[in-house]
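K.L.:
the sequence and its predicted three-dimensional model are supplied below.
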Amino acid sequence: MIEQLVEQIESRFRELEAQMSDPEVISDRARYAEVGREYRELQPASELGAKWRTLRDDLEGARELLAEGEDEEMRQVVEEAPAQLEALEEEIRLAMVERDPNDAKNVIVEIRGGAGGDEAALFAGDLYKMLTRYAEERGFSTEVLSQSGSESGGFKEITFEVKGDGAYSVFKFEGGTHRVQRVPETESQGRIHTSTATVAVLPEVEDVEVHVDQNDLQIDVYRSSGPGGQSVNTTDSAVRITHKPTGIVVSMQDEKSQLQNKDRAMRVLRARLYERELAEQQAKIASERKAQVGSGERSEKIRTYNFPQGRVTDHRIKHTSHNLEGVLAGELGEFTDALSAEEKRQRLEAAASAA
């Protein structure tokens, strides 16, 4: 079974290598990009397959030599290689688990202060810094789409885009309720307060993926306002779009141009409608089997940042880091890796049970 899988991986990888140097493919930009994407996705499995073949051949050779006479080095290979092969086979299966079809997409991230008043707004600001620094570290670019600041600092809410191949595969695990436990600067008694902020991670979608009927939209324009409600613009450049069938409302006022605000609002609206569809699909799947990691349920408390103890705990995988300062500075890789591995295991289990 595993040999057939390795052969399939090797065969497909050779085909992709040949296509990467085919002048006809190179001249077709879209096709070349698609081939390159599949090549990069398959490369880890190809490398694991090569390791598996080498180790299997080493084991067969060691058994033959051991049959001819005692050899301590060969005996060690025969004793250790089977377990190593089994571990490699598991890695190969995980590497070949079907990807989330949204993984390659850009994402729109919405952060909102939750319970905790001013402290929640400050925490929302901390999460914004954490996620944008992590995006930078991963080579993605970010763009703020809209923001509503808090007078005490931080944000009541902020929406921004993360652009780059595979952005959703990284940031989808951040969707949910984040909780912070710390002593606020305004707390004179030194008591620890618990505050929350919600993060929604939406895969950005094109017009063709989500059809929005213009007749279903109510579009209102008005003058944008700054802190305290004072007008900051003398023209009606702010835009509010209401999707009447679902009641979803998106407002944008950060740009001076009404057209730009409308374009941004439509991008967010499409992403929210797409997320709504995904949530309905996942609810059906979850009723048949265990829900996957990173479903992005906003009500789910996914992570706690405990300042007195200097630790961060992800409740979905029971993973704790004692590098609170580093995590808030954008060092989220260990959480992404652990959550991604767990998602693959669950997908593999689901595929096996469905077979």
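P.N.:
Looks like it arrived, so ask away.
K.L.:
secondary structure class for residue 97?
P.N.:
Secondary structure, DSSP: H, G, I helix; E, B strand; the rest coil: residue 97 is coil.
K.L.:
residues near it, how many?
P.N.:
Neighbourhood size, residue 97 [other C-beta atoms under 10 Å]: 17. Using the backbone N, CA and C atoms, a C-beta is placed for each residue, glycine as well.
K.L.:
tell me the spacing between it and residue 90.
P.N.:
11 Å (C-beta to C-beta, to the nearest Å).
K.L.:
please enumerate the helices of the chain.
P.N.:
Chain-ordered helices for the chain, with DSSP state H as the definition, fall at 2-20, 23-27, 29-68, 72-95, 118-137, 167-171, 258-288, 324-328, 333-354.
K.L.:
which strands or helices does the first one pack on?
P.N.:
Right, helix 2-20. helix 29-68, helix 72-95 (3 or more C-beta pairs under 8 Å, 6 or more residues apart in numbering; DSSP states H and E).
K.L.:
so who does residue 249 touch?
P.N.:
If a contact means C-beta atoms under 8 Å, 6 or more residues apart in numbering, then residue 249 has 240-243 as its contacts.
K.L.:
hey, what's it bridged with?
P.N.:
Beta-bridge partners for residue 249, by DSSP bridges, are residue 242.
K.L.:
where in the stretch 101-250 of the chain is pLDDT low?
P.N.:
For the stretch 101-250 of the chain, the stretches flagged by pLDDT under 70 are 186, 188, 206-209, 225-235.
K.L.:
tell me where it has strands.
P.N.:
107-113, 141-149, 155-163, 176-182, 193-203, 217-222, 238-243, 248-252 (DSSP state E, counting those that start in this stretch).
K.L.:
buried deepest among those, which one?
P.N.:
The highest average neighbour count among the strands of the stretch 101-250 of the chain, using mean count of other C-beta atoms under 10 Å, belongs to strand 107-113 at a mean of 25.
K.L.:
tell me which strands it pairs with, and in which orientation.
P.N.:
Partners of strand 107-113 in the sheet, by DSSP bridges, are strand 155-163 (antiparallel), strand 193-203 (antiparallel).
K.L.:
next, the angle strand 176-182 makes with that strand.
P.N.:
40 degrees (axes from the mean of the first three to the mean of the last three C-alpha atoms, to 10 degrees).
K.L.:
contact partners of strand 107-113?
P.N.:
Applying C-beta under 8 Å, 6+ apart, the contact partners of strand 107-113 are 120-121, 123-124, 127-128, 131, 145, 150, 154-162, 167-168, 171-172, 174, 195, 197-204, 267-268, 271.
K.L.:
against residue 14, how distant is residue 51?
P.N.:
Noted for residue 51: a distance of 17 Å to residue 14, by C-beta to C-beta.
K.L.:
who's more crowded, those two?
P.N.:
residue 51 (15 against 11).
K.L.:
how close does residue 14 get to residue 86?
P.N.:
Distance from residue 14 to residue 86, by C-beta to C-beta: 26 Å.
K.L.:
can you list the buried residues in stretch 81-99?
P.N.:
Residues of stretch 81-99 classed as buried by neighbour count (16 or more other C-beta atoms under 10 Å): 81, 84-85, 88-89, 91-97.
K.L.:
ditto for stretch 6-19
P.N.:
6, 9-10, 13, 16, 19.
K.L.:
could you give the number of residues near residue 47?
P.N.:
The number of residues packed near residue 47 is 14, by other C-beta under 10 Å.
K.L.:
so who does residue 82 touch?
P.N.:
residue 59.
K.L.:
quick one, what contacts residue 181?
P.N.:
Here residue 181 is in contact with 192-194, 304-308 (criterion: C-beta under 8 Å, 6+ apart).
K.L.:
for the closest residue in space to it that isn't next to it in sequence, which residues make a bridge with it?
P.N.:
Distance criterion C-beta to C-beta, 6 or more residues apart in numbering; nearest residue to residue 181, sequence neighbours excluded, is residue 306 at 4.7 Å. Taking DSSP bridges as the rule, residue 306 bridges to residue 181, residue 311.
K.L.:
quick check, residue 306 in contact with residue 321.
P.N.:
No. With contact defined as C-beta atoms under 8 Å, residue 306 does not reach residue 321; the gap is 10.8 Å.
K.L.:
can you give the domain ranges for the protein?
P.N.:
For the chain, automatic domain parsing gives the domain ranges 2-95, 107-349.
K.L.:
C-alpha coordinates for stretch 258-265, PDB please?
P.N.:
Extracted in PDB, the C-alpha atoms of stretch 258-265 (Å, rounded to 0.1, in the frame of the first residue of the first chain):
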ATOM      1  CA  GLN A 258     -16.400  56.600  -2.200                       C
ATOM      2  CA  LEU A 259     -15.500  54.100  -4.900                       C
ATOM      3  CA  GLN A 260     -12.500  52.800  -2.900                       C
ATOM      4  CA  ASN A 261     -14.700  52.400   0.200                       C
ATOM      5  CA  LYS A 262     -17.300  50.600  -1.800                       C
ATOM      6  CA  ASP A 263     -14.700  48.300  -3.300                       C
ATOM      7  CA  ARG A 264     -13.300  47.400   0.200                       C
ATOM      8  CA  ALA A 265     -16.800  46.900   1.600                       C
END
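K.L.:
list the buried ones in that stretch?
P.N.:
258, 261-262, 264-265.
K.L.:
may I see those organised as JSON lines, with pLDDT and distance to residue 137 added?
P.N.:
Below are the buried residues of stretch 258-265 laid out as JSON lines (pLDDT from 0 to 100; distance: C-beta to C-beta, whole Å):
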{"residue": "258", "pLDDT": "86", "distance to residue 137": "36"}
{"residue": "261", "pLDDT": "89", "distance to residue 137": "30"}
{"residue": "262", "pLDDT": "89", "distance to residue 137": "33"}
{"residue": "264", "pLDDT": "88", "distance to residue 137": "26"}
{"residue": "265", "pLDDT": "89", "distance to residue 137": "30"}
